[in-house]
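S.K.: turn this into a structure:
(2 chains)
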Amino acid sequence: MVARRSHDPIPPGTLEMLVLTALARRSTLHGFEIAEAIERASTDVLRVEEGSLYPALQRMLVKGWIGGEWKRTDENRRARYYQLTAAGRRELARRVESYQRVTGAIARVLRMA
Amino acid sequence: MLRRFWFFVTRWRRMQDLDEEMRLHVELRAAANRRDGLHAEAAARQARLRFGNPLKLREEARDVWGFAELERIGGDLRHAVRRIVQHPARTLVVVLTLALGIGATTAMFTLLDAMLLKPAPWNTSGRVVWIVGLWGRSAMPRNLSYPDYLVYRDRAATLSGVAAEGGTPMAIGGPQPQRVLGGLVSGNYFDVLGLRAQIGRTFAPDEDTAPGGHSLVVLSDALWTGQFGADPGVIGTSLAINGQPFTIIGVAPRDFTGAAFAADPYQLWIPMAMQGAAMPKRPGLLSDANQAWLRVIGRLRDGVTAPEADAEARVIARQIRSPQTPADQEKSARVLPMRGGLTPWEQESLASVFGLVSIVPALVLLVACANAANVLMAHHMGRRREFAMRRAIGASRGRLVRQLVTESLVVALLAGLAGFGASFVLSAVIVRVGDVPSEVSALLALDGRAFLAATVVGVAAVVLFGLAPALTTTRFDVLPVLKDEGTTSTSSRGAGRLRRALVVAQVALSLTLLVTTGLFVQSLTRAMRVDPGFDPQGLATVSFDLDLQGYTLDRRAAFVERFVERASALPGVTSVAAADILPLGGEMYGGTIVSHTGSSSSKASLARVSPKYFEALGLAILRGRAFSPAEVAADAPVAIVNETLARRLWPGVDPLGQRVRTADSKDPWREVVGVARDAKYLFLTESPLGAYYMPLPPAASGTFVIRTTSDPRAVLTSLTDSVRVLDPDLPIARAQTMEERIRRSVRLRRAVVSLLGVLGALTLLLASVGIYGVASHSVSMRTRELGIRMSLGARASDVLRMVVRENLFLSLFGVAIGLGVSAAAATMLASYLFGVTATDPATFAGGALALCFVALMASYLPARRAARLDPLVALRRE
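M.R.: Numbering: from 1, shown residues only, chains lettered A, B, ... in the order given. All right, here's what the predicted structure looks like:
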């Protein structure tokens, strides 16, 4: 448990991008699945502050990037499944592009150093 | 935005959804932990830990939905209402103060709106305009002559139609014979105004072409209802006007009584071509270009603006100047928007008076706002520790300001409602004291426009009185306020300065109003105290239009004789006299008098009077004698002049026996047989005028003055009865006591005075409340300091003096400014003053003293409270 805590926290603002990416890969997911997906994909390097996922999801719902729909899970539990909207897809593309631009620039700077 | 709103509406379901989602997550995590080998209890605990605080997360989510904003406003409102209820006295002061300001402003606006701004109901498009003449340098609009009217009608390309109206009294027959004001109108009149008859029809454009050939009449709704019981069958029947039969062709729309309905409401209309029948005394009026008696009305062509029509009217005015007459060169014309129901002349002259008077309620509102701001600011200052505490635990300044402004908003809302109510009362008072014509007061509906005005004023008040205190009282450093008492530190200096500035402004404004009111009151009392030259008490006046009734000369003489006989026989009546015109009735025949010596005097008052005229009026004959009955019967060539005329025509020479006549060379030379005392002829406030009296042939009588030792009103009643016996068909044109006539002649002045008086008293009251508020607040703020002073040996009287001195100093500063403003205001009003100069030292000194006294009293009470402080209690008090 202690070992897990030492995982790097998510840089601020990145959480939304990660959620969008997770949803872009797998068409619909509920909250717990999104958390698991982000963790798995980043091979546990990035670690979702699990609760903070929910305000972020609400923010994205308000902005219209994702849609939510109540369905039954495989274990027959009620859960809200999220999927990307067209606006969400555009937002993701925009963010990925700007992220790459920034990291690219930083990488170049680091190479020069 | 819409989505946000939807989220807000469905917030309860959303909250439940979120809770369920988060519960599921924790359960799934716990299940996963169990699969990893943890036992049930530890798995659940670890899942909860990893999830974080659900309450905090819920709050975050709510923020995302934007509920917080709305809920905060709701909270502010609740808080505001709670504070308002907790401090009823403070709330009452603020609400009443603002309500008075808002009420006064709204009432004044309603009045101005009805008189000067609101277009008549039939002119909502504003396309109907006046065309007026201008003469010389005076900017006052004048009427036009019929020939001039024809020029504008035929040449004006910017107007789709040009009509004319001229009012004249007419005697009508029917069930109740009476004298009414009728309109002589061009055939296109109703078309230009855009009016259709409510029954029957109006005139056709060609129905005023043949002189005397169109005996047609359109009735007003009031006449139709009053005389004919609103019987539709009257269309096509005949109505006698000045003894001639006219055919009733229609009834005008219900609310229409002429274009200048507030000034001259018409009861009926006849075509212009019938001028001869309507005004038998003035033949040839329609062809005389020098007789300007018509109000001319135009309708703007589509797409034409009033300034364009105005420019064209000026051009036409230049074209019709005749090159031979030099006086004509100063003639011009203008197109004025038609507003209210006033004549163009009244429109222009009242606009300036009311414009000035309407500044006053605006000032009252300003004072009210300043006061409210002061009270609130004092109140907020007392809460600075609370504010500082809240700032310290994380509230932003904006948050505090918003809360305070919300509080002001609620107060302003209450004040707005109360002010709307107050404006009802105030406009009723203004109508009463201001003698507002009933046609105007009928328009005085507190409608949407008035409500809008009140709202705008209310919002402005909030900005003025709510925001400023909120901003100043929340500007401070948190630490000193918390450590210190938060009362004496330097950081409160800004707020204190603003508060003091407000007091200074209030004192200055109150003084201005006080001084202006004082000047007007003095003008009025001096005007009322002016000696009219005769004794107005116990005088009754009555007049008839005998020629309108078609009386022959013989019949007139017989009627006058019998009327005088009956009037003289009434109990208490001492003398009865006749004249063609009486003084102070708002009209005067003026003319130039020429002496055989060659001297002449213009602008003299002309009158024809019976032998007993001077006796009845109580107008002394200083030299010579009054006319004898024989002279009057024979229209002998004799005249009586007044002192002023005598002095002007024959300075230093005995006027008796001199020979004079009017400038009209057809008049005979008359010998002066008497000199009468100077009197007032047109207004009480006029400068001395010459007067020229000629004998009045009995058959020309129509106006009588009756002196009685009893109540002149009672005499008027009995006179009306005796006229009914003499000729049941004869309407009485005018019956009033001389004192009523005089009161009417100062009615505008009286209206202004009563208005200013009420408002002035109001501001003085407000100012004293304001000074008291500031003084008592500063005392309570400085309780500790005063306690220290007293424990160090200051005596009660020292403290008293100190507090009073400070406030008095502020007031004196305000007085100084106020004196300057008053002087400026009084100079602007100088032309409305009478018998008192705009810089009357007594009035200025009196106003200043009155204010100082009020300031002294208002600061004495809190000072006494300060002086009675127990130093121990004061020091211990937090």
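S.K.: what strand or helix carries the residue of the stretch 501-650 of chain B found nearest chain A?
M.R.: Per Cβ to the nearest Cβ, B:L502 is where the stretch 501-650 of chain B lies closest to chain A, at 45.3 Å. Heads up, the C-betas are built off the backbone N, CA and C, glycines and all. Using DSSP states H and E, B:L502 sits in helix B:493-529.
S.K.: tell me which residues are up against whichever helix or strand comes after that helix.
M.R.: Going down the chain from helix B:493-529, the next helix or strand is strand B:539-544, by DSSP H and E. In this structure, residues lying in contact with strand B:539-544 by Cβ atoms under 8 Å, 6 or more residues apart in numbering or on different chains are B:582, B:585, B:616-618, B:702-708, B:712-713, B:715-716, B:719, B:723, B:730-739, B:741.
S.K.: also stretch B:197-206?
M.R.: Contact with stretch B:197-206 is made by B:185, B:187-191, B:195-196, B:214, B:216, B:218, B:221, B:232, B:235, B:248-254, B:269, B:271, as judged by Cβ under 8 Å, 6+ apart.
S.K.: restrict these to those near chain A?
M.R.: Among the contacts of stretch B:197-206, not one lies near chain A by Cβ under 8 Å from any Cβ of the partner chain.
S.K.: now the buried members of the residues you listed.
M.R.: Neighbour-count burial (16 or more other Cβ atoms under 10 Å in any protein chain shown) is assigned, among those, to B:185, B:187-191, B:214, B:216, B:218, B:221, B:235, B:248-253, B:269, B:271.
S.K.: which of those residues fall within helices?
M.R.: B:189-191, B:221 (DSSP state H).
S.K.: widest-spaced pair of those residues?
M.R.: B:D191 and B:D221 (19.0 Å; Cβ to Cβ).
S.K.: quick check: residues of the stretch 51-200 of chain B near chain A?
M.R.: Within the stretch 51-200 of chain B, the positions near chain A by Cβ under 8 Å from any Cβ are B:51-54, B:57, B:60-61, B:63-66.
S.K.: and the residue of chain A closest to chain B?
M.R.: A:G51 (3.3 Å).
S.K.: who's in contact with the residue of the stretch 501-650 of chain B closest to chain A?
M.R.: By Cβ under 8 Å, 6+ apart, B:L502 lies in contact with B:370-371, B:373-374, B:770, B:774.
S.K.: where does pLDDT dip in chain A?
M.R.: In the predicted model, chain A carries pLDDT under 70 at residues A:1-13, A:43-49, A:113.
S.K.: and the gap between the residue nearest in space to the middle of it and A:G88?
M.R.: Centroid-nearest residue in chain A, with Cα atoms, centre = their mean: A:V19, separated by 1.9 Å. A:V19 is 9 Å from A:G88, where distance means Cβ to Cβ, to the nearest Å.
S.K.: can you check B:V815 too?
M.R.: Plainly put, B:V815 is 70 Å away from A:G88 if you go by Cβ to Cβ.
S.K.: between A:V19 and A:G88, what contacts are shared?
M.R.: Contact criterion Cβ under 8 Å, 6+ apart; residues shared by A:V19 and A:G88: A:60, A:66.
S.K.: before we move on, back to that, what's the burial count for the residue of chain A closest to chain B?
M.R.: Here the count is done by other Cβ atoms under 10 Å in any protein chain shown, and A:G51 has 22 residues near it.
S.K.: need the three-state assignment for it.
M.R.: helix (DSSP: H, G, I helix; E, B strand; the rest coil).
S.K.: contacting residues around it?
M.R.: A:G51 touches B:22, B:51-54, B:57, counting by Cβ under 8 Å, 6+ apart.
S.K.: buried subset of the residues you listed, written for PyMOL?
M.R.: The buried residues among those can be selected in PyMOL (16+ other Cβ under 10 Å) with this line:
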select buried, chain B and resi 22+51+52+54+57
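S.K.: next, count neighbours for the nearest residue to B:R397 once chain neighbours are set aside.
M.R.: Leaving aside its sequence neighbours, B:R397 sits nearest to B:T474 (Cβ to Cβ, 6 or more residues apart in numbering or on different chains; 5.2 Å). Counted with other Cβ under 10 Å, residues neighbouring B:T474 total 24.
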